[in-house]
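Asker: Build me a structure from this.
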Amino acid sequence: MDEMKTAHEVAMEKVEKLGEATAADRLRWKYVPEGEKMALRFLIEESNLVAELAKYDEKAREYVVTGAQKILLVRIDLVRSDAVKRINKRAMEGLKLLKEDTIAVENIYSQIRALLKFELEQGEQQRQQAYDSLKAQFEDKLKKMGSQAARAQAGLEEQFRQELRQVLAQIDVQYINQLDAYKRELEAID
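Answerer: Reported below is the predicted structural model:
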């Protein structure tokens, strides 16, 4: 009859199946987080990315760049404020410093800038139209309810806010999906 194994024994068996960590694994574990920290310093403290990267040897640099790119790509977002606009610009500058094919990077940046500008102009208009349309629908509901409207108003206001959030999220998702596609293209550039 088989004996029951402890959780520790099961975990140890899984670890044995994984095998020994390779030199590349150890380099990745050490230097990818360093690249992430370097990118954050670049964004927040405006450190010199090229000078910091030069401190690493060729083997480590590959992993440092991977970590830095990961952070910089994540920080490119739809423009909701001047702070986001500044971070986008800084992240794009940093990525361009890390990539060899700066022409391909700049081509994608042109597309990103056009998308962000379009979203800023048209997205706001779409959001306002969605708000106005939804507001009109709920005002009609209140009118049809007549005397019951006062009692149901709080519930309808919450329903309005919830539906508005959903509609606005649907508008944003189209822009976010396109921005994510551009980010994947940027990630693939050497």
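Asker: And the helices in this protein?
Answerer: Along the chain, the stretches classed as helices by DSSP state H are 7-18, 23-44, 49-53, 58-75, 82-98, 102-118, 124-145, 149-188.
Asker: Now find how far off-centre the third one is within its chain.
Answerer: In terms of Cα atoms, centre = their mean, to the nearest Å, the centre of helix 49-53 is found 24 Å from the chain centre.
Asker: Tell me which residues of that helix come out buried.
Answerer: The neighbour-count criterion (16 or more other Cβ atoms under 10 Å) identifies 49, 52, 53 as the buried residues of helix 49-53. In this view, the C-beta of every residue, glycine as well, is placed from N, C-alpha and C.
Asker: Looking at these, which is nearest residue 78?
Answerer: Among these, residue 49 lies closest to residue 78 (Cβ to Cβ), at 23.9 Å.
Asker: related to what we said a few turns ago, for the helices of the chain, give me a markdown table that also has mean pLDDT.
Answerer: Written out in a markdown table, the entries for the helices of the chain read as follows (pLDDT from 0 to 100):
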| stretch | mean pLDDT |
| --- | --- |
| helix 7-18 | 75 |
| helix 23-44 | 93 |
| helix 49-53 | 95 |
| helix 58-75 | 96 |
| helix 82-98 | 95 |
| helix 102-118 | 95 |
| helix 124-145 | 87 |
| helix 149-188 | 87 |
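Asker: ok so, going back, and the buried residues of helix 49-53 as TSV, adding distance to residue 99?
Answerer: Rendered in TSV, the data for the buried residues of helix 49-53 read as follows (distance: Cβ to Cβ, whole Å):
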residue	distance to residue 99
49	12
52	16
53	12
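Asker: Which one of the residues you listed is nearest to residue 169?
Answerer: Ranking the buried residues of helix 49-53 by separation from residue 169, with Cβ to Cβ as the measure, puts residue 49 on top at 34.0 Å.
Asker: thinking the closest one is in contact with residue 99, fair?
Answerer: No. Look at residue 49 against residue 99 with Cβ atoms under 8 Å: they stay out of range, at 11.8 Å.
Asker: okay, and the common contacts of the two?
Answerer: Contact with both residue 49 and residue 99 is made by no residue, according to Cβ atoms under 8 Å, 6 or more residues apart in numbering.
Asker: which residue is nearest the centroid of the protein?
Answerer: Computing the C-alpha centroid of the chain and ranking residues by Cα atoms, centre = their mean puts residue 74 first, at 4.2 Å.
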